[in-house]
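Chemist: Predicted coordinates and the sequence they were generated for:
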Amino acid sequence: MKKTSLLTLALALIAATCLAGGETTLKIGEEKLLVEVAVTPGEQAQGLMNRDFLPAERGMLFVFPRPKKASFWMRNTSLPLDLAFLDSEGFILEIHPLVPFEETPVDSKSEKVAYAIETNRDWFASRGLKPGLKVQGLPR
């Protein structure tokens, strides 16, 4: 196999790993957030359930196959979280607080949700991050 073919294969494997259960760093304004990437239905259903702790600069990124109206709940999730819905360009559309163990769904107002970010409660507000800001580093 040629070197260029091996390099192409290696880069494809790295990209696939980043999209399937891997991690990536997002940048919002001047802030950085290391996120676990949830792509598959199983990863997304599990989310941050059954965890006792989430480090301050960490979160989870949900990547949807196509834009939609999104819905989240907090079954088996004891951590107080914030949820940001993003469009396909990476702009924050909405930010919602999530209540531990609350099973009433939190629905997006928009039908253009391509990504969602969960992080510790008040992570966005404490850094002055609001809807309208663009998130950089999102997988495509």
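Modeler: Thanks, I have the structure now.

Chemist: the strands in this structure, which residues?
Modeler: With DSSP state E as the criterion, the chain has strands at 23-28, 31-38, 58-68, 71-72, 81-86, 92-98, 106-107, 113-120, 135-136.

Chemist: need those in TSV with mean neighbour count, mean pLDDT and distance to residue 51, can you?
Modeler: Every C-beta, even on glycine, is put in place using the N, C-alpha and C of the backbone. Compiled in TSV, these are given as follows (neighbours: other CB atoms under 10 Å; pLDDT from 0 to 100; distance: least, CB to CB, whole Å):
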stretch	mean neighbour count	mean pLDDT	distance to residue 51
strand 23-28	16	97	15
strand 31-38	18	98	11
strand 58-68	17	98	10
strand 71-72	16	97	15
strand 81-86	25	98	10
strand 92-98	17	98	13
strand 106-107	16	98	18
strand 113-120	24	98	11
strand 135-136	17	98	22
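
Chemist: Can you add distance to residue 128 and give the ones you listed back as CSV?
Modeler: Shown next, in CSV, are the strands of the chain (distance: least, CB to CB, whole Å):
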stretch, distance to residue 128
strand 23-28, 10
strand 31-38, 9
strand 58-68, 17
strand 71-72, 24
strand 81-86, 14
strand 92-98, 12
strand 106-107, 22
strand 113-120, 15
strand 135-136, 15
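
Chemist: Relative to residue 127, which of those is closest?
Modeler: Ranking the strands of the chain by proximity to residue 127 (CB to CB) places strand 31-38 first, at 5.1 Å.
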